[in-house]
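In: Have a look; sequence and predicted model below, questions after that.
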Amino acid sequence: MKTQLIKDILVSAPDGREVTVYGWVRTKRETKNLVFIQVNDGSCFASIQVTLDRDRGITEETEAQLKRISTGASIEATGLLIPSPASGQAVEIQGLAITVLGEAPVETYPLQKKNHSLEFLRDIAHLRPRTNTFGAVARMRSQMAYAIHVFFQERGFNYVHTPIITASDCEGAGEMFQVTTLDLEQLAKAPTTKVDFSRDFFGKPANLTVSGQLEAETYATAVSRVYTFGPTFRAENSNTTRHLAEFWMIEPEVAFYDIYDNMDLAEEFIKFLIRWALEKCPQDMQFFNDRIQPGLIETLTHVLNSDFIRISYTEAMVELEKNAVKFEFKPYWGCDLQSEHERYLTETVYKKPVIVTGYPKEIKAFYMKLNEDGKTVRAMDMLVPGLGEIIGGSEREENLETLEGRITELGLNPEDYWWYLDLRRYGTVPHSGFGLGFERLLLYVTGMGNIRDVIPFPRAPKLAEF
């Protein structure tokens, strides 16, 4: 069955040719002689109007089909493409025939023509893509994913698929989902509490990955420029609007890049993605601006046209401590920046995006390059107005002895990282990279308030439906 998308029909010349559209009914309105049906196939924000005129003659079969049509029904509509007298649309279809492909009974279909809360729509995540909001989110998610690949492919990066199942904890935080084929019920009945992992599928403890970074470094030290884009998992018991247990991460890793090159790449990347959203998705972005977050386009345009401020963690802390009374979490040198601190820096102090570098080593991961002062690392966090942190990265520690010391210092087992240490034994090079949470990006460019609304089927504590 060859179909033409509604987004293409809407920009076609109204030359009277016969067209057929397929989609779902948004509304049906009738007068004595006219029937107006708004049909949407999800290809764009707009629907197309199909008008049937009883004065022109409608078959009994078509009349019977019209009686079956209600909001949510799927239909096939054939007619002539003509200029539309209605405001806001250039073309409409002068209907000749309608076939109902799937009914949506008014009594039970949950998406009737009224406003539904986002909380309600989360409970019917299998149907919410049919709404204006989640149709727009789905299209933005697709466009942003494509833009990510375009950005890196145009700059000579290789796309690397890193493993989802791993025996390494990249962040060293231990918040990982365990993967096992052992019989948990039998283990619960066992007389000993010690688990014999030699009997497990992999012969050792295995988990879902929290990051593809360490594996990406192996390829960066072979083909120079790589990026990952895949699912990652955190068993963090955070029931907030900013956390998911399953999310997607973009992680470029570049050989021969220092922290300054890394910051340049991150700034170029974010600006590229914002420009893509504004230029390639104007209808959906206008919807988000008008209905979700007023001023969104202005905020993003400001970021796009700004030179990002670069400051040290110490400089950031000076600014924050000047106004410590404003914060719930009091800032002090050595603390991790909270969202309120990040937004204050970008929205109040500098009024533009900020990249903070030189964090205390105690609050950052083992793989980050140690500065000469022995107290800070070459980490960088990108903060943007309206959100806070959007990117986190660092120059990686390429010195074998220093890296071994950091692993031991943080209580990790060097044997678990033997292959990672080999990268420093054989042809080590300076290299850097960062991570961007895909859903965090989508929150930013859509203005949506809850991260569970920018992923098709959210996974969070006590939430694994669909």
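Out: In hand now; what should we look at?
In: nearest residue to Arg343 other than its sequence neighbours?
Out: With sequence-adjacent residues excluded and distances taken as C-beta to C-beta, 6 or more residues apart in numbering, Arg343 is closest to Gly388, at 5.1 Å. C-beta here means a position set from N, CA and C on the backbone, and glycine is covered the same way.
In: Just list whatever residues bridge to the one you found.
Out: Judged by DSSP bridges, the bridge partners of Gly388 are Val384.
In: One more: Val356?
Out: When bridges are called by DSSP bridges, Val356 pairs up with Ile311, Asp381.
In: quick one: contacts for it?
Out: Residues near Val356 by C-beta atoms under 8 Å, 6 or more residues apart in numbering: 311-313, 316, 337, 345, 380-381, 383.
In: Buried ones only from the residues you listed, please, as a PyMOL command.
Out: The buried subset of the contacts of Val356, as determined by 16 or more other C-beta atoms under 10 Å, is captured in PyMOL by this line:
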select buried, resi 311+313+316+337+345+380+381+383
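In: need the contacts of Val356 in JSON lines with pLDDT and distance to Ile75, can you?
Out: What follows is the contacts of Val356, written out as JSON lines (pLDDT from 0 to 100; distance: C-beta to C-beta, whole Å):
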{"residue": "Ile311", "pLDDT": "98", "distance to Ile75": "57"}
{"residue": "Ser312", "pLDDT": "98", "distance to Ile75": "61"}
{"residue": "Tyr313", "pLDDT": "98", "distance to Ile75": "59"}
{"residue": "Ala316", "pLDDT": "98", "distance to Ile75": "57"}
{"residue": "Leu337", "pLDDT": "96", "distance to Ile75": "53"}
{"residue": "Leu345", "pLDDT": "97", "distance to Ile75": "52"}
{"residue": "Met380", "pLDDT": "98", "distance to Ile75": "53"}
{"residue": "Asp381", "pLDDT": "98", "distance to Ile75": "50"}
{"residue": "Leu383", "pLDDT": "98", "distance to Ile75": "48"}
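In: Now do stretch 62-79: everything it contacts.
Out: For stretch 62-79, contacts defined as C-beta under 8 Å, 6+ apart pick out 18-28, 35, 37, 39, 50, 52, 58, 93-106, 109, 111-113, 130.
In: May I see the ChimeraX selection of the buried members of those?
Out: Burial among the contacts of stretch 62-79 is assessed by 16+ other C-beta under 10 Å; the matching ChimeraX selection reads:
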select :19,20,21,22,23,24,25,26,28,35,37,39,50,52,58,93,94,95,96,98,100,104,111,130
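In: Of the contacts of stretch 62-79, which belong to strands?
Out: 18-28, 35, 37, 39, 50, 52, 93-102 (DSSP state E).
In: now the helices: where do they sit in the stretch 251-400 of the chain?
Out: Shown for the stretch 251-400 of the chain, the helices assigned by DSSP state H, counting those that start in this stretch span residues 259-280, 282-287, 296-304, 313-322, 339-344, 400-409.
In: Next, the angle helix 296-304 makes with the first one.
Out: Using axes from the mean of the first three to the mean of the last three C-alpha atoms, to 10 degrees, the inter-axis angle of helix 259-280 relative to helix 296-304 is 150 degrees.
In: so what does helix 259-280 touch, helix or strand wise?
Out: helix 132-153, strand 246-255, helix 296-304, strand 354-360, strand 376-384, strand 388-395, strand 431-437, helix 438-446 (3 or more C-beta pairs under 8 Å, 6 or more residues apart in numbering; DSSP states H and E).
In: how far does that helix sit from the chain's center?
Out: In terms of C-alpha atoms, centre = their mean, to the nearest Å, the centre of helix 259-280 is set 15 Å apart from its chain centre.
In: Output it as CSV - backbone C-alpha positions only.
Out: Provided in CSV are the C-alpha atoms of helix 259-280 (Å, rounded to 0.1, in the frame of the first residue of the first chain):
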residue,chain,number,x,y,z
ILE,A,259,40.3,20.0,28.2
TYR,A,260,40.2,23.1,26.1
ASP,A,261,39.5,21.2,22.9
ASN,A,262,36.9,19.3,24.8
MET,A,263,35.1,22.5,25.8
ASP,A,264,35.2,23.8,22.3
LEU,A,265,33.7,20.6,21.0
ALA,A,266,30.9,20.6,23.6
GLU,A,267,30.0,24.3,22.8
GLU,A,268,29.9,23.6,19.1
PHE,A,269,27.8,20.5,19.7
ILE,A,270,25.1,22.2,21.8
LYS,A,271,24.9,25.1,19.4
PHE,A,272,24.5,22.7,16.4
LEU,A,273,21.7,20.9,18.1
ILE,A,274,19.8,24.0,19.1
ARG,A,275,20.2,25.4,15.6
TRP,A,276,18.9,22.2,14.2
ALA,A,277,15.8,22.2,16.4
LEU,A,278,15.0,25.8,15.6
GLU,A,279,15.5,25.5,11.9
LYS,A,280,14.4,22.0,11.1
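In: Going by neighbour count, list what's buried in that helix.
Out: Buried residues in helix 259-280 (16+ other C-beta under 10 Å): 259, 262-263, 265-267, 269-274, 276-277.
In: want to try JSON lines for the residues you listed, with distance to Leu370 as columns?
Out: Shown next, in JSON lines, are these (distance: C-beta to C-beta, whole Å):
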{"residue": "Ile259", "distance to Leu370": "12"}
{"residue": "Asn262", "distance to Leu370": "16"}
{"residue": "Met263", "distance to Leu370": "18"}
{"residue": "Leu265", "distance to Leu370": "22"}
{"residue": "Ala266", "distance to Leu370": "21"}
{"residue": "Glu267", "distance to Leu370": "24"}
{"residue": "Phe269", "distance to Leu370": "26"}
{"residue": "Ile270", "distance to Leu370": "27"}
{"residue": "Lys271", "distance to Leu370": "30"}
{"residue": "Phe272", "distance to Leu370": "31"}
{"residue": "Leu273", "distance to Leu370": "31"}
{"residue": "Ile274", "distance to Leu370": "33"}
{"residue": "Trp276", "distance to Leu370": "36"}
{"residue": "Ala277", "distance to Leu370": "37"}
